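Student: Dropping the sequence and predicted coords here.
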Number of protein chains: 2
Amino acid sequence: MVVSNLNELSLKEVSQLIQSGTVQPRELVSDCIARIELCEEELNAFTTFDPGHIYDQLTEVERQGNKSALFGVPVGIKDIMETAGMRTTMGSKIYRDYVPQRDAVCVSMLKTASALVAGKTETTEFAFFSPGRTRNPHALDHTPGGSSMGSAAAVSKMMIPLALGTQTAGSVIRPAAYCGVTGYKASHGSFSLAGVCGFAQSLDTLGFFVRKVEDLTTVRHTLSGAPAEILPLSGRIRVALVKTPHWEMADASQQQLIEDVCRHLQGHQIEISEIEVGPSDGALTQAQITIMGYEGCRSLSAEYAKFPHLLSDQIKVLIEQGQHTTHAAYLEAIKLGNIWQKKMRSVFKDYDVLITPSAPGEAPRGLDSTGNPIFNRVWTLLKVPCIHLPVASGLNGLPIGVQLIGAFDQDDYLIRAAHHIQEILAEFEFVPN
Amino acid sequence: MVVSNLNELSLKEVSQLIQSGTVQPRELVSDCIARIELCEEELNAFTTFDPGHIYDQLTEVERQGNKSALFGVPVGIKDIMETAGMRTTMGSKIYRDYVPQRDAVCVSMLKTASALVAGKTETTEFAFFSPGRTRNPHALDHTPGGSSMGSAAAVSKMMIPLALGTQTAGSVIRPAAYCGVTGYKASHGSFSLAGVCGFAQSLDTLGFFVRKVEDLTTVRHTLSGAPAEILPLSGRIRVALVKTPHWEMADASQQQLIEDVCRHLQGHQIEISEIEVGPSDGALTQAQITIMGYEGCRSLSAEYAKFPHLLSDQIKVLIEQGQHTTHAAYLEAIKLGNIWQKKMRSVFKDYDVLITPSAPGEAPRGLDSTGNPIFNRVWTLLKVPCIHLPVASGLNGLPIGVQLIGAFDQDDYLIRAAHHIQEILAEFEFVPN
């Protein structure tokens, strides 16, 4: 059997072909490298990409013969994650030539499972908002979103079936939305962030970019021992539409998409309600901003003291604001987050999954901003797992989709529900008004 | 004014002398180095100690002239924390010669505040239980406790006024107890652990070793912007004695000490009650063990795959047990922890501080074990802040004391209460029966 364009398959599909011996990892690697070499010049998804290094790793895992589900699969690693012997820039001029000697724990676990580091994917500066070089695969003069921009773009452009990201505000879900790929931000604390450049410890969370929801279980299994397969759902899914206090910031076709999707889902083992979550004045969004600034300014204090000339103005403003935020204001923000984390447990007694916009709409034009995480900040603050499902195209022909949110530490259930919803939406057709 | 033996002063005392210009950091550094050189050969508190490097740092901070509260203060850094240009062994043969290029965030923040890295302090292997080389300063053939053994011993032996540690089971509070110094484990997530070798992300927490409770605010202020001074207490402190399901494992003089301390405290603005916390069958202790094994085995999976011959048998057993713990059992343990984290909020509505043993008693004889964290595991699982106060000597003349526990994220209040209790206990005399 000859399967062409292995790079276009989902992680699950290609993994099954490799496991069964139908294709060799070398064929997948070859197709991915060819695709990267074809598209990278205009996309800029990678900070560091070295085909020779990928083949060296392949030779090594072939020699070891440890055929786990990620055997021979090239994975994109966000460039704030340390990689032994491979440059890790943090998106910063300060670390332009920084080559760590150890792997971050998430990277070392992937390597131990015989995955290959395909390269380091572009990030914004320290995973904050100052853009990197990546372009949107669907429209080169539009942003791919940030901060995990290279990871989202590389998976979207069929360069690789899997890439890692992190989220502190909306750095997984927003680029997934703008690039039209499935993105997942785990419950806070699910995975070790050892060896990952820290920004704000109360918010920083690991995430993945894949083609299909079912790919997520493969990665979770590798990194945490969670079930490798999606277990069958029993009973209906109680879905609640949450418009958030920022609903008016979503553009008309994003709003229409969510409402159309809810109508379409109704009935397929799914019940739809509409509820409000959190204070209506956006206080949770403000709390996320306060915490991110307060903790971020401390994480970057040495860089600010020693290399201010190598930092963007944008990040310098954040640091200076963080320095002027009082400890009392920070504790208030943490406390508000704690109160609502607790209240979310009641919400998830009555509902299984929340549905809400992933982003205000299609990726904005221009590469000088990565777009707005306004629909992500609250869920990051509340530590709950989030999945972006790409669903349709907006008026400009760029991807839009929906964000699904689960209860804290119930990531496996959220993935099962998202998988069911993905299947239903396969036959959904969206016609923006 | 000539003050001799500056190394014997507490952080707060020496910091005030430096701030006022009464002494120069150079005098403190000289006294600390002399003390380390005198005692290190028998104590083995440091993995890496280089006086020339301390003087280089001193020259640099003197040049900068940034006179924060830690200006010129030598600090011990647990050897699982990355230090730029200085060996970071993780207590492991695998990383014997590992020299990072970047500082952990906690280290970089101390350096930015003009503190000096006095050296790397000895740790157990990957901060688990296999002992390092450090001896107990009060009895060289007894363990100093683990895993932050070098930090506790160095502060106890008057080598340095401050050292950093981490706790996953009992790695700050136990060595503080055995070495007779004040130890503090922060609320989980209070401080960034970026650049610190991760063991179990749900449990790993930063801590400090100091001479006096009031020193803790100086460090918290530097690392998190919390108040630099201890605010006055208003009203009484409702203290609850918690014997835990493991009370019978505490030896007679440790049990007697806690009860005598409670009697002594009664009345000094303090009310004492006795309560039970958690299930009586030790299920919370077991949950901590399950989580530590499950997450720890994954954090060390690359080391286990590549360098099994360089790992201790003890850590290999942990990893293998962790591999055989099911994801379901892990989630049950996490869930039990979450339930009791929530229940602790009710406990802290009725009580302000819990008092309980820090360790089963005096440091055990022998250097082949670091002692038992049985009185620490539950509080680490519950993410609450803990302080060890050294109070007296036991029957063998080695230190014993009490563990004070506060509500999650109420670290500043716990420090105020512990400071008040420390003052009261200054006049307490303990005569073991």
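Tutor: Yep, it's here.

Student: for chain B, what are the nearby residues on the stretch 51-200 of chain A?
Tutor: Residues of the stretch 51-200 of chain A lying near chain B by CB under 8 Å from any CB of the partner chain: A:95, A:98-103, A:105, A:108-109, A:111-112, A:189, A:191-198. Every C-beta, even on glycine, is put in place using the N, C-alpha and C of the backbone.

Student: And those, which of them are buried?
Tutor: Neighbour counting with 16 or more other CB atoms under 10 Å in any protein chain shown marks A:95, A:100, A:102-103, A:105, A:108-109, A:111-112, A:189, A:191-198 as buried within these.

Student: So which of these are in strands?
Tutor: Using DSSP state E, the subset of these located in strands is empty.

Student: which residues of chain A fall in helices?
Tutor: In chain A, the segments counted as helices under DSSP state H are A:11-19, A:25-43, A:51-64, A:105-112, A:149-156, A:173-179, A:215-224, A:252-265, A:283-299, A:301-306, A:313-324, A:327-350, A:377-381, A:411-425.

Student: For the fifth one, name the packing helices and strands.
Tutor: Going back to what we said before, that points to helix A:149-156. Secondary-structure packing of helix A:149-156 (3 or more CB pairs under 8 Å, 6 or more residues apart in numbering or on different chains; DSSP states H and E): helix A:25-43, strand A:46-48, strand A:74-78, strand A:116-121, strand A:162-167, helix A:173-179, strand A:205-210.

Student: would you list those in TSV and tack on mean pLDDT?
Tutor: TSV is the format used below for those (pLDDT from 0 to 100):
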stretch	mean pLDDT
helix A:25-43	98
strand A:46-48	98
strand A:74-78	98
strand A:116-121	98
strand A:162-167	98
helix A:173-179	98
strand A:205-210	98
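
Student: which ones are touching residue A:15?
Tutor: A:69-71, A:73, A:218 (CB atoms under 8 Å, 6 or more residues apart in numbering or on different chains).

Student: How much space separates it from residue B:295?
Tutor: Separation of residue A:15 from residue B:295 (CB to CB, to the nearest Å): 25 Å.

Student: tally of neighbours for the spatially closest residue to residue A:95 that is not a sequence neighbour?
Tutor: Nearest residue to residue A:95 in three dimensions, chain neighbours excluded: residue A:89, at 5.0 Å (CB to CB, 6 or more residues apart in numbering or on different chains). The number of residues packed near residue A:89 is 22, by other CB atoms under 10 Å in any protein chain shown.

Student: Quick check: bridge partners of the closest residue to residue A:266 other than its chain neighbours?
Tutor: In this structure, residue A:266 finds its nearest non-sequential neighbour in residue A:272, 5.0 Å apart by CB to CB, 6+ apart. For residue A:272, the beta-bridge partners are residue A:239 (DSSP bridges).

Student: Can you check the pLDDT for residue A:272?
Tutor: Listed pLDDT for residue A:272 reads 98.

Student: Would you check that it makes contact with residue A:239?
Tutor: Yes - between residue A:272 and residue A:239 a contact is recorded at 5.3 Å, counting by CB atoms under 8 Å.

Student: what residues does the stretch 201-350 of chain A put near chain B?
Tutor: Proximity of the stretch 201-350 of chain A to chain B, by CB under 8 Å from any CB, involves residues A:201-202, A:223-227, A:294-295, A:298-299, A:301-302, A:305, A:326-327, A:330-331, A:334-335, A:338, A:342.

Student: do that again at 10 Å, thanks
Tutor: Residues of the stretch 201-350 of chain A lying near chain B by CB under 10 Å from any CB of the partner chain: A:201-202, A:204, A:206, A:220-228, A:294-306, A:322-323, A:325-328, A:330-331, A:334-335, A:338, A:342, A:345.

Student: Distance of the closest residue to residue A:290 other than its chain neighbours relative to residue A:287?
Tutor: Among residues not flanking residue A:290 along the chain, residue A:333 sits closest, at 4.0 Å (CB to CB, 6+ apart). For residue A:333, the distance to residue A:287 (CB to CB) stands at 4 Å.

Student: tell me, what's touching these two both at once?
Tutor: Common contact partners of residue A:333 and residue A:287 (CB atoms under 10 Å, 6 or more residues apart in numbering or on different chains): residue A:381.

Student: that older thread, of the residues of the stretch 201-350 of chain A next to chain B, buried ones?
Tutor: A:201-202, A:204, A:206, A:220-226, A:294-305, A:322, A:325, A:327, A:330-331, A:334, A:338.

Student: about what we covered before: make a markdown table out of the helices and strands packed on helix A:149-156 and add distance to residue B:165.
Tutor: Shown next, in a markdown table, are the helices and strands packed on helix A:149-156 (distance: least, CB to CB, whole Å):
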| stretch | distance to residue B:165 |
| --- | --- |
| helix A:25-43 | 43 |
| strand A:46-48 | 35 |
| strand A:74-78 | 30 |
| strand A:116-121 | 33 |
| strand A:162-167 | 27 |
| helix A:173-179 | 36 |
| strand A:205-210 | 26 |
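
Student: Out of those, which is the most enclosed?
Tutor: Using mean count of other CB atoms under 10 Å in any protein chain shown, the stretch among those with the largest mean neighbour count is helix A:173-179, at a mean of 34.

Student: Contact partners for the residue nearest to residue A:104 when sequence neighbours are not counted?
Tutor: Nearest non-adjacent residue to residue A:104, counting by CB to CB, 6+ apart: residue A:195, 2.8 Å away. Going by CB under 10 Å, 6+ apart, residue A:195 touches A:80-84, A:88, A:100, A:102-108, B:82, B:194-198, B:299.

Student: In a markdown table, list the helices of chain A along with distance to residue B:395.
Tutor: Compiled in a markdown table, the helices of chain A are given as follows (distance: least, CB to CB, whole Å):
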| stretch | distance to residue B:395 |
| --- | --- |
| helix A:11-19 | 62 |
| helix A:25-43 | 64 |
| helix A:51-64 | 55 |
| helix A:105-112 | 44 |
| helix A:149-156 | 60 |
| helix A:173-179 | 60 |
| helix A:215-224 | 46 |
| helix A:252-265 | 70 |
| helix A:283-299 | 45 |
| helix A:301-306 | 47 |
| helix A:313-324 | 51 |
| helix A:327-350 | 43 |
| helix A:377-381 | 51 |
| helix A:411-425 | 51 |
